[in-house]
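Chemist: Okay, sequence plus prediction incoming.
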Amino acid sequence: MPIADDSKLLPVVEEPNKADNYVVDTVSSSKNDMNSYGRESNNAADDESTNRDINNTGLAKDKEPANPDTITNLQNDSNKDLKSNESDVAEETQDATGDETNISADEKHPNSADNVDETNRSRHTSSSTSLNAMNRVSPEPQQHNENSQDTPQNGLNISQQNDTVVQNGCHVNEAYEKDDVETINGGDNAGPLPDKKSIGAGVEPMGEDAAEAKRRREKEPLKICVWMAERTNTFFGVTLLFQLLFLVITAILLRAGYDIINFQLSQLPLTLIDDVDYLRAKAWNQRDSLLPSLVERSSQSDEKSELVANRTETGEIIEMYFEIIGGNVFTKENLQRINDTEEHFLKNQEFVDGFCKVSATGECVKSFSILRYFDGTYANIDPIFDDPNFDNVVNVLHKAATLDQTKQQFQIFLGKNSVINGTTNTAVSSITRSWIYVGSPLPGYNTSTDREDEQETLLKDFFKLTFGPMFKQYSIDGVGPMDFIYSSSTMLSNGISTQAMMDMMLVMASFAFIFIFMWIQTGSLMITGLALFSILTNFLMANLIYRVVFDFKYFGTFHILAMFIILGIGADDIFVFFDTWRISAHYEYPSLAHRVSDVYRKASAAMLFTSLTTAVAFFVGAGSPLLSLNSFGLFSGILVIVNYISVILFFPCVVVKYHKAWENWSWWCCRPCLKKTRGNDTVEMHNSAVESQQPTDLKDNSQRKNIAVKFFRGPYFKFITHKVVKWVVFVFFLGMSATFIYFATTIQVNEEQIKFLKDTSNFGKVFDRRANAFKPSNQDRAVKVYIAWGLKNQDMSGCHKTDTSCDGVSVYDETFNLNDAGTQEALAAFCTKMKTLSAAEAEELKIRRNIVTNDLEVQCFIDDMEAFLKADENATYTIPPSTTMNKYSPSVNLDMPWVKSNVEAIMNAPPMNNMFYNASALPASYSNYFEVALNYWLQHGFDYANNMGTVVSNLRSYSSILGEEELAGVTQRENVTFGGSTIKGPKYGTRLRYAAIVVNTSMNFDSLGYPTDLPIRDAWENFVTKEISAMPEPLQGGFQCTPTLFTAWHWLKVQKSLTNSAINGIIIGLCIAFPILIIATKNVIVGFFALCSIAMVTTSVVGVIPLAGWKLGILECLNLVLIVGLSVDYVVHLAEGYSRSPHKDRLGRVHSMLEEVGVSVLSGSITTLGASFFILLAEILFFTQFGIIMFSTIGFSVMYALGFFTVLLVLLGPQNEFGSIMPLARKLKCCK
């Protein structure tokens, strides 16, 4: 019967169960609302209206609008096709759901009041139907027949199956389970149902979405894609040659001697080049670099290349530790075992003949060990120290611990919790240590620096072939009940180098894993091989830019580890492009160029934003003041960009070349099997004329083949959208994130220094025991503070920004002078104050006290000089046979100040002084007489016969902190002849260039941490600055520094800088990522959700550090810089996939996102996780930590991306254009 008002026509389906259905708000009588549900024109003669409605309802999917004749034919044949389509729907629905349920399709006239009420009450939706059913049903427009009681009045086919309901001309996707879809109006997913939409993303969208998808596919292809499709061989050859060019250029530069890859794997430059503490320490350590006329002090000679008897100097020290955890090493039996072990090494014939340090008698010196208190070495101090059979262990050790002559040194051998008490007959320590000395120079060499490389090679070979295996065997077997731990600088270097090479071989294992996995994923050896080849050549290209364009010379361990990173990132990009290409094979395109262009637009956009966010995160690290960080950040950022360019230029050519030439090729042995299966493969449609005859959607067949795609679009989508599960997942991730945030707040700064090996390794135990196992002693690596004069901060302006070997230029303070009374007295007063600080002041500065005298350990040269010269006033000498004479007659006052008047008295005094000095030889203008007195004290008044030991001690203690310069035409030297032999006296007439006071602190370098120790540095700075500012002008250029042990003050600042760099890098990286995410997703809300996910990944990884038992140290901070760069990829892929979806509702978008992007995210994460897994097997601690951080970052990234981020979109994902920036963009464009 005729319908008066077709705008009110509405299909109504009886609702079998409201609770189980997706409810659609159908309350509307407006014409626009009817169009939202696919209203079809009742006037079949209206060609334009008919064509429009056919397109809007998706009836002419992926085809051009039909002409009137075609529409008429379709209408005439619709009844025939209808039954077939219904049968297909029922069959496919039964296959997909396994449950066939009937639903009434009776419809009432919309003008009826009852029907209107029923319509308003009804919130109907469809249940599951299979994708095949949807794809096969192509509802055709029907001529309205008043006599037909079975045909819906709106011309749409309503299936009689409960599981199939048509809305807007399309069937609802099977993934929308009854319980999984919430009410749009008032439910969790509340919001208006978008106009002309297809609820479901598993099929090609219909209505306006279909037209948009079709328009995108038929959009004019990009020129570059036309070239790829039409000139494949040329374009492939050019891009391949371009990749090879990187390799060729690198080889040419290497051949030409250009340091294109300057490997410095043994260095980890952690210096703040502009830090005042670094520049001061550098100035002190390089203080002699500009003194070619530096005065070399010795007892009787100044020859710089003086011959040294072979092996009489200490070349290297071998440490040995004997430990019983919870036991006692100071038993008779254990001491005997320690003695036997030491003898085994000391009596090794090769060691004796060529490497042991020898004494004056030519014998190998004994070990420095607890055993020396038993073998008679100290019997001259007390006879008790002669107990070779260890019969009196407790008493011997008690005496050593209480005698002033021995107790300070004895502390070296005692464990932290040891107890030595003769009264209670107790001598217990769980650990002790010994040292064996290697001599220098080796036989055949004049000095320790004579052909130094050769001597080093000989020593390495000896340890590698002889001592190394012996020590290793003891480490494995132990010494009785005692554990044996050993170390030496050479063995440590050999061990780390060997282990590092073995660990670097794990790169090959990672590469092999990625190769195999990529081969499985792509199914092509050619694609896999060329893809990985491009990643390797990208590494070379990035290095060329890094080295030549940015002029960075440093290339260290971190840069090598970038290979692990780029393998994961590169594989991820390749999977994105290839998966997009593979999916595109199941849509229809006018030509290959259109297909390539469509894939190129989608994949390049997705990769652009992931690459951009990753590169930006690395470039943030390039802003660090530390070379190791900024060079790595710059190199990695360049590498990511180069990899992106390669993937969008070279890899598409590889894929197109493979598609055209190799896709159907197979090995001859496999061809019989392939013939049976190839008939089922889908064929790409390029010709639009052919497309118009293809009724079957090819996409569904492909998706059935890919297990991962099928999983994401089916079971996983059902799981993540389930009305209960989605909340459980949401709460679970919030709880997990909160847990890791809590652990992240418990992280502590590591006060131990860099460990390159695990604590469970031999050398790792050495570092631990050395720092934590023993009582404080003078063998500790205590921080020494130098208060220095005569130098200014080192000038580093001439150094290349990445030259780690440059020492800069020394700058001397020309005002420094100690030749007037005021400066000498001020310096002496400062020394007195340093030595008499109150207990509170000494504790604030952490000045160590002598264990015997309890005095503050301040080495002040002017005090010792004053004490000697004061005693020298009354010195006498003997004239044979027995006449005693005063050295100074008449008497002279040698009190401070030491100026020309009293110093000339020293120079003219008999019988020795006037032989070594000639006061008249100095010009009248010479005024530096303090230097003459200084050298006289250092030579101990030339009393070589009676006090040679004191002379040597003075020179050893003070020569390094008192530097003099020869003055041309002024400096003199006398040669003194005794009994036919000539002795060269000290040089005089010099200028003192620098001097220092040295203070020992109680701070152990091995346990420094900036939170507690940096305030101590500030206390020293304030104290010294205040004192020096009150001194005379020649002393006001002084400063305090810590030039030894890696410049301790500077090291504290490095620790702080690394921590700040890690934290700031994470914060800045997240802040910069946010606008990029908004641009990538074109939606503020989606971008914010992605940012939240990345932030949760970051906090979770930080929380892993305390869970793993680590503290925030150097290596941890270095690794934290990577987090943001590695955590953005997967969530950005998903976010971009959600925003790119042609659907308007959140569920449709989520389904489309998982279907199209889920497999790429999974594949990319597997490759990176696999690559990082092999690093976990490394023994070098840095590599292991790098692997754990990388594995955790990728693991958390994929978990939060597919879990938290996805469920967040299911619950709150924006629909239509809510949160989109496109309306604003369009408005701004219109304004222009």
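Modeler: Great, that's in hand.
Chemist: Which of the helices or strands spans the closest residue to residue 820 other than its chain neighbours?
Modeler: Nearest non-adjacent residue to residue 820, counting by C-beta to C-beta, 6 or more residues apart in numbering: residue 897, 7.0 Å away. (Glycine included, C-beta is placed from N, CA and C.) With secondary structure defined by DSSP states H and E, residue 897 is part of neither a helix nor a strand.
Chemist: got a list of what residue 897 touches?
Modeler: The contact partners of residue 897, by C-beta atoms under 8 Å, 6 or more residues apart in numbering, come to 820, 821, 824, 825, 930.
Chemist: Measure how buried the last one is and give me the count.
Modeler: The local packing count at residue 930 equals 23, with neighbours defined by other C-beta atoms under 10 Å.
Chemist: before we move on, what about the one 10 residues further on?
Modeler: Burial measure for residue 940: 21 neighbouring residues, criterion other C-beta under 10 Å.
Chemist: My read is that it contacts residue 951, right?
Modeler: Yes - between residue 940 and residue 951 there is a contact under C-beta atoms under 8 Å: 4.6 Å.
Chemist: now the most far-flung residue of the chain relative to its centre: how far from residue 538?
Modeler: Centroid-distance maximum for the chain: residue 881 at 78.2 Å, with C-alpha atoms, centre = their mean. Residue 881 sits 91 Å away from residue 538, going by C-beta to C-beta, to the nearest Å.
Chemist: Then residue 866?
Modeler: Remark: distance between residue 866 and residue 538 (C-beta to C-beta) = 69 Å.
Chemist: ok, those two, which is more surrounded?
Modeler: residue 538 (25 against 20).
Chemist: any idea which helix or strand carries that one?
Modeler: helix 525-544.
Chemist: So which other helices or strands are in contact with that helix?
Modeler: On a contact count with 3 or more C-beta pairs under 8 Å, 6 or more residues apart in numbering; DSSP states H and E, helix 525-544 meets helix 232-255, helix 506-522, helix 557-584, helix 627-661.
Chemist: Quick one: the ones you listed as JSON lines, columns for mean pLDDT too.
Modeler: Putting those into JSON lines (pLDDT from 0 to 100) gives the following:
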{"stretch": "helix 232-255", "mean pLDDT": "91"}
{"stretch": "helix 506-522", "mean pLDDT": "84"}
{"stretch": "helix 557-584", "mean pLDDT": "83"}
{"stretch": "helix 627-661", "mean pLDDT": "91"}
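Chemist: Tell me which of those helices sits nearest to residue 353.
Modeler: Residue 353 lies closest to helix 557-584 among these, at 38.3 Å (C-beta to C-beta).
Chemist: so how far is the closest one from its chain's centroid?
Modeler: For helix 557-584, the separation from the chain centroid amounts to 18 Å (computed by C-alpha atoms, centre = their mean, to the nearest Å).
Chemist: again with stretch 1135-1142
Modeler: How far stretch 1135-1142 lies from its chain's middle: 31 Å, per C-alpha atoms, centre = their mean.
Chemist: export that stretch as CSV, just CAs?
Modeler: C-alpha atoms of stretch 1135-1142 as CSV (Å, rounded to 0.1, in the frame of the first residue of the first chain):
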residue,chain,number,x,y,z
ALA,A,1135,46.5,5.7,18.6
GLU,A,1136,47.1,6.6,15.0
GLY,A,1137,45.2,3.5,14.0
TYR,A,1138,42.2,4.5,16.1
SER,A,1139,42.1,8.0,14.6
ARG,A,1140,42.6,6.7,11.1
SER,A,1141,39.6,4.4,11.3
PRO,A,1142,36.7,5.3,9.0
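Chemist: residues in contact with that stretch?
Modeler: 201, 205, 209, 212-213, 602, 605-606, 609, 1077, 1080-1083, 1086-1087, 1089-1090, 1148-1150, 1152-1153, 1156-1157, 1205, 1209, 1213.
Chemist: Which of those residues are buried? Put it as a ChimeraX command.
Modeler: Burial among the contacts of stretch 1135-1142 is assessed by 16 or more other C-beta atoms under 10 Å; the matching ChimeraX selection reads:
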select :201,205,209,213,602,606,609,1077,1080,1081,1082,1083,1086,1087,1089,1090,1148,1149,1150,1152,1153,1156,1157,1205,1209,1213
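Chemist: Mark which of the contacts of stretch 1135-1142 are part of helices, please.
Modeler: Within the contacts of stretch 1135-1142, residues falling in helices by DSSP state H are 209, 212-213, 602, 605-606, 609, 1077, 1080-1081, 1086-1087, 1089-1090, 1148-1150, 1152-1153, 1156-1157, 1209.
Chemist: As CSV, the contacts of residue 897 with distance to residue 370 and secondary structure would be great.
Modeler: Output for the contacts of residue 897, formatted as CSV (distance: C-beta to C-beta, whole Å; DSSP: H, G, I helix; E, B strand; the rest coil):
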residue, distance to residue 370, secondary structure
820, 52, coil
821, 51, helix
824, 45, helix
825, 47, helix
930, 45, helix
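Chemist: Pick out the most distant pair among the residues you listed.
Modeler: 825 and 930 (12.2 Å).
Chemist: My read is that residue 800 contacts residue 806, right?
Modeler: Yes - applying C-beta under 8 Å, one finds residue 800 in contact with residue 806, separated by 6.4 Å.
Chemist: Which parts of the stretch 851-1000 of the chain are helices?
Modeler: Counting by DSSP state H, counting those that start in this stretch, one finds helices in the stretch 851-1000 of the chain at the ranges 861-872, 900-908, 913-916, 929-938, 944-958.
Chemist: deepest of those helices, which one?
Modeler: Using mean count of other C-beta atoms under 10 Å, the stretch among the helices of the stretch 851-1000 of the chain with the largest mean neighbour count is helix 929-938, at a mean of 24.
Chemist: Run the chain-centre distance for that one.
Modeler: Counting by C-alpha atoms, centre = their mean, helix 929-938 comes out at 54 Å from the chain centroid.
Chemist: what angle separates that helix from helix 900-908?
Modeler: 40 degrees (axes from the mean of the first three to the mean of the last three C-alpha atoms, to 10 degrees).
Chemist: Helix 929-938 vs helix 944-958, what angle?
Modeler: Using the same axes, to 10 degrees: helix 929-938 against helix 944-958 is 120 degrees.
Chemist: Need the pLDDT of the closest residue to residue 488 other than its chain neighbours.
Modeler: Leaving aside its sequence neighbours, residue 488 sits nearest to residue 318 (C-beta to C-beta, 6+ apart; 4.4 Å). If you check residue 318, the pLDDT there is 95.
Chemist: Secondary structure element holding residue 318?
Modeler: Assigned by DSSP H and E, residue 318 falls within strand 313-323.
Chemist: Sheet partners, orientation included, of that strand?
Modeler: Strand 313-323 has the following sheet partners, assigned by DSSP bridges: strand 431-440 (antiparallel), strand 483-487 (antiparallel).
Chemist: Let's test this: mean pLDDT of the helix holding residue 538, rounded?
Modeler: Across helix 525-544, pLDDT averages out at 91.
Chemist: hang on, the earlier thing: what values do phi and psi take at the residue nearest to residue 820?
Modeler: phi -90, psi 160 (degrees, to the nearest 10).
Chemist: chain center to the biggest strand by length in the chain, what's the gap?
Modeler: For the chain, the strand with the greatest residue count under DSSP state E is strand 990-1004. With C-alpha atoms, centre = their mean as the basis, strand 990-1004 stands 38 Å off its chain's centre.
Chemist: From residue 1005, how far off is residue 1050?
Modeler: For residue 1050 relative to residue 1005 (C-beta to C-beta), the value is 12 Å.
Chemist: about what we covered before: name the helices or strands packed onto the very next helix or strand once past the longest strand of the chain?
Modeler: Moving toward the C-terminus from strand 990-1004, the next helix or strand (DSSP H and E) is helix 1010-1029. Counting contacts by 3+ C-beta pairs under 8 Å, 6+ apart, helix 1010-1029 is packed against strand 782-789, helix 839-845, strand 990-1004, strand 1039-1041, helix 1048-1081.
Chemist: The same query, at a cut-off of 7 Å, please.
Modeler: helix 839-845, strand 1039-1041, helix 1048-1081 (3 or more C-beta pairs under 7 Å, 6 or more residues apart in numbering; DSSP states H and E).
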